[in-house]
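Undergrad: mind looking at a prediction? Sequence and model below.
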Amino acid sequence: MLCPGFHTADCLPAGQAKKKDKLLTMDASEITYEMVAKKLREVVTSRGRKGTDKQEQVEMLQFLANVAKGVPQKLEVLCQLVSSLFDLSPGISSYMKVGLWKRCVLVMLEVMDVLSQNSNIILDDTADASEERTTEPVPGENGEIRVWGNLVAFVERLDDEMFKSLQVIDPHTHEYMARLRDEPVFLALAQKVHDYFARINDARNQPKVALRLIEHFYYKADAVYDAMRKLTLQQQEEAAAVAAAHPEGAVAVAAAAAAEAAAAAGVSNEPGEEQTADDKVAIPVPLDYTMEESSNTALKRLVGVVFNSGDERTKARAMLCYIYHKALHGDFYTARDMLLMSHLQDNVMHMDISTQILYNRAMAQLGLSAFRKGLISEAHSCLQELYGSGHIKELLAQGMAMGKFQDKTPEQELLEKRRQMPFHMHISLELLESSCLLSAMLLEVPSMAANPLNVKKRVISKSFHRILDTYSRQTFTGPPETVRDHIMAATRALMRGDWSGAYAAVSALSVWQLVPQREAVLGMLQDKLKEEALRTYLFSYSAQYRSLSLDQLCSMFELAEKRVYSIISKMMIAEELHGSWDQPTRTIVMHSLEASKVQTLAAQFADKAQVMVELNERAYAFRTGGLRDDDDMGPSGQRRGGRRGPDGQWEDDGGQGRRRGGPKLGPLRMVGQQDQGQRRGGGGLRDRTGFRGSGFAASGLPDRFQRRGTNYRQQQNPNMHALGSISRGGGGLGVGYGRPGDRRRDL
């Protein structure tokens, strides 16, 4: 219980201020190294304990950093100060406030400045932070002094907190843009840490920091990277002006301004309290930081560092980022070769979820790159699996499914929210949908025209067929509004060979404004639509012509003569178009080798009717035990005993057959007993009446479908694939579906 009239934290009477620590009242000249070390050890050991005032710890560490004796002790205090500032964050469920994040960055920049000025001091996360010292540490054999500090953990935590803040902040507000302006400062800090690890030859931690830098560069187009580079130069100019006016430096001025703003507002940074006082404090970009002129150059250098000394996960993520970057900048073939040579597609299912999301993003960007280059088949291969799943938002971490029948637990929803990508890293879902459906349209429409009546033809895109069937069943179709409406309108025009109508529907999409090279992509689409419209027209209407003029086709589809000649010649070589060229008259002479539509439908009807008759006869024989005229013949055409009477009924001849209406099919256990009896050499299977049947066994099927000895082989019958086949395992009756080699289920 809480004491009435007392505060919850320190249990002091209301209105009574807590007594200050004695060390805070002492003069800086009176404080010794031992006193600072003892107080620092006391603060470190009290971290995380119940009732500890976190804000008071931060204030104490700031005071100790100002009165520390020697550079090693100051570095140790500053590292503990960064950890204490992280403790002020509400936790993993929320993000660190912007002002608190900036204070951490300022302390980290101060740490890096001290390390750059003192090359003999090494920060080591394996050093003992609670070691009792009364004097300054003595340099080792190499003159190095090791102080506790984990720079990699600090950089990763700052990166994660910035990522979480961008997830939560509304992307359509000025606050989001202001948060993005803090990215150059973090990049400068991460680059300083990366250079420090390179100077001390720390091959274990350098790839981790390099990967963080890669993940900030890989998704930026050239225009975005150039804008960030200009912003960095602008902030450096402002920092240089501040440094010229204040000799202590721009970083110290910013740190003092942040501390004053926090103190004036009385901010405690405790969970549930708002912090807006020092959010607007500008952090200067270090003047010694230089961004590469090209993002490709920066990525190539950082990826090389990761490949030289990184672990497997770090290498995989760096490779995926580099593939994404290459695809984004139009280098499809290099990105494709890197993906295939790395074999990441074989092992991605065994990686963590964040790496799988990165793999999906890389595949999406690879498909868009292929589409922009006019590689329709490759683009469809990359995008079909993502789009066809129906969960493209979840696969790219750009949204959450809000279905009615979702059975996710609160913990699963929270984990999914943490994996969401910030808005500025999103890939346009409309652009992905447009590219995938257009690729499917250009591949499927000529295929449908070439095989209009073949129900067994290979389906290239099931999702495209599903959407097309839905639109075909609509009684009335209004003007196109969504992406699907435009693509379906273009599909209907392309099926008629009307390339101009298809292009008008496609070019009306607003998504092309997001494509950097809009005119080039639309020109490519126009050429593809003309070519596929020509192929579709020939597939659909070639049977109606005796000859076609080359000049007429060129004028209809506005294609060059060489291009039309090439397309038609390829169709003739592939036997897709039955015709030949007549060079003197510049025409295509059609060969009437194809069946008409009525003939094709009649042939299909005859085949289906024959299959239906066969299935009905077998089902009737299986149910009644009756035989057809050819079922009582042995393998050599000889009768197996018995005779047919004057009335057409089968008569038993010495127990070597069975009349129609004899013993019916018994329980399924009799099927297994049949094989057992035959293997024992019992000479057949007797039913409950003592009747020995050689024409039928307990299964009721003709003898040619029963096993007979070790040389049994089922007779070839094309209709048995639809009916099923007898399983070999266990002597039971197995029902096989599909091909003969498919796995069968024993009854």
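TA: Arrived safely. The structure displayed is predicted, hence computed values, not measured ones. Residues are numbered from 1 along each chain as shown.

Undergrad: can you name the next helix or strand after the one helix or strand residue 334 maps to?
TA: For residue 334, the host element (DSSP states H and E) is helix 332-342. Using DSSP H and E, the helix or strand that directly follows helix 332-342 along the chain is helix 344-347.

Undergrad: hmm, who's touching that following helix?
TA: 316, 319-320, 339, 359 (CB atoms under 8 Å, 6 or more residues apart in numbering). C-beta here means a position set from N, CA and C on the backbone, and glycine is covered the same way.

Undergrad: by neighbour count, which of these wins?
TA: Counting neighbours by other CB atoms under 10 Å, residue 320 leads the contacts of helix 344-347 with 27 neighbours.

Undergrad: from residue 371, how far off is it?
TA: 20 Å (CB to CB, to the nearest Å).

Undergrad: now swap in residue 193 and tell me
TA: According to CB to CB, residue 193 and residue 371 sit 39 Å apart.

Undergrad: please state the backbone phi and psi of the residue nearest to the spatial centre of the chain?
TA: Centroid-nearest residue in the chain: residue 360, 2.3 Å away (criterion: CA atoms, centre = their mean). Backbone torsions of residue 360, given as degrees, to the nearest 10, read phi -60, psi -40.

Undergrad: so for it, what's the nearest residue that isn't a sequence neighbour?
TA: residue 395 (4.7 Å; CB to CB, 6 or more residues apart in numbering).

Undergrad: also residue 484?
TA: Using CB to CB, 6+ apart, the closest residue to residue 484 is residue 467 (5.9 Å).

Undergrad: swap in residue 471?
TA: Closest to residue 471 by CB to CB, 6+ apart is residue 488, at 4.6 Å.

Undergrad: pLDDT below threshold where in the stretch 551-700 of the chain?
TA: 593-595, 626-700 (pLDDT under 70).

Undergrad: CSV for the contacts of helix 344-347, including secondary structure, pLDDT and distance to residue 104?
TA: Formatted as CSV, those follow (DSSP: H, G, I helix; E, B strand; the rest coil; pLDDT from 0 to 100; distance: CB to CB, whole Å):
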residue, secondary structure, pLDDT, distance to residue 104
316, helix, 95, 29
319, helix, 96, 31
320, helix, 95, 29
339, helix, 94, 37
359, helix, 95, 32
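
Undergrad: closest to residue 424 out of those residues?
TA: residue 320 (18.9 Å; CB to CB).

Undergrad: so what's the closest one up against?
TA: Contacts of residue 320 (CB under 8 Å, 6+ apart): 344, 355, 358-359, 361-362.

Undergrad: if I look at residue 377, how far off is residue 360?
TA: From residue 377 across to residue 360, the span is 20 Å (CB to CB).

Undergrad: repeat for residue 368
TA: Taking CB to CB, one finds residue 368 at 13 Å from residue 360.

Undergrad: please apply the same query to residue 576.
TA: 36 Å.

Undergrad: need the three-state assignment for residue 291.
TA: Classification of residue 291 using DSSP: H, G, I helix; E, B strand; the rest coil returns coil.

Undergrad: right, and it touches residue 232 too?
TA: Yes: the criterion here is CB atoms under 8 Å, and residue 291 meets it with residue 232 at 5.5 Å.

Undergrad: higher neighbour count, those two?
TA: residue 291 (22 against 19).

Undergrad: what sits against that one?
TA: Residue 291 touches 184, 187, 228-229, 232, 298, counting by CB under 8 Å, 6+ apart.

Undergrad: what do you get for residue 597?
TA: Taking CB under 8 Å, 6+ apart, one finds 452-453 in contact with residue 597.

Undergrad: quick check: end-to-end length of stretch 171-188?
TA: End-to-end span of stretch 171-188 (CA to CA, to the nearest Å): 24 Å.

Undergrad: all strands for the stretch 401-550 of the chain, in order.
TA: Along the stretch 401-550 of the chain, the stretches classed as strands by DSSP state E, counting those that start in this stretch are 547-549.

Undergrad: give me the low-pLDDT residue ranges for it?
TA: Judged by pLDDT under 70, the stretch 401-550 of the chain has its weakly predicted residues at 402-406, 455-456.

Undergrad: quick revisit: from the contact counts, what lies against the helix holding residue 334?
TA: helix 312-328, helix 353-372 (3 or more CB pairs under 8 Å, 6 or more residues apart in numbering; DSSP states H and E).

Undergrad: what helix or strand is residue 384 on?
TA: Judged by DSSP H and E, residue 384 forms part of helix 376-388.

Undergrad: surely residue 589 is in a helix?
TA: No: assignment of residue 589 by three-state DSSP gives strand, placing it outside any helix.

Undergrad: list the residues that contact the residue nearest to the centre of the chain.
TA: For residue 360, counting by CB under 8 Å, 6+ apart, the contacting residues are 386, 395-396.

Undergrad: do residue 218 as well
TA: 299, 321-322, 324-325.

Undergrad: out of these, what pair is the most spread apart?
TA: 299 and 324 (10.0 Å).

Undergrad: where does the stretch 101-250 of the chain have low pLDDT?
TA: 129-132, 246-250.

Undergrad: can you redo the contacts of residue 291 as CSV with distance to residue 580?
TA: Below are the contacts of residue 291 laid out as CSV (distance: CB to CB, whole Å):
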residue, distance to residue 580
184, 67
187, 66
228, 61
229, 61
232, 66
298, 58
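
Undergrad: just those residues: which are in helices?
TA: 184, 187, 228-229, 232, 298 (DSSP state H).

Undergrad: highest neighbour count among those?
TA: So for the ones in helices among the contacts of residue 291 (other CB under 10 Å), the most neighbours sit at residue 184, 23 neighbours.

Undergrad: thought that residue was touching residue 228?
TA: Yes: taking contacts as CB under 8 Å, residue 184 lies within contact range of residue 228: 6.4 Å.

Undergrad: just give me the closest of the contacts of residue 320 to residue 426.
TA: residue 361 (9.6 Å).

Undergrad: mind listing what the closest one touches?
TA: 320, 324, 396, 427.

Undergrad: mind doing that once more with 6 Å?
TA: residue 396 (CB atoms under 6 Å, 6 or more residues apart in numbering).

Undergrad: how much space is there between it and residue 384?
TA: Going from residue 361 to residue 384 by CB to CB gives 16 Å.

Undergrad: just residue 108 next, same as before
TA: Counting by CB to CB - residue 108 and residue 384 are separated by 46 Å.
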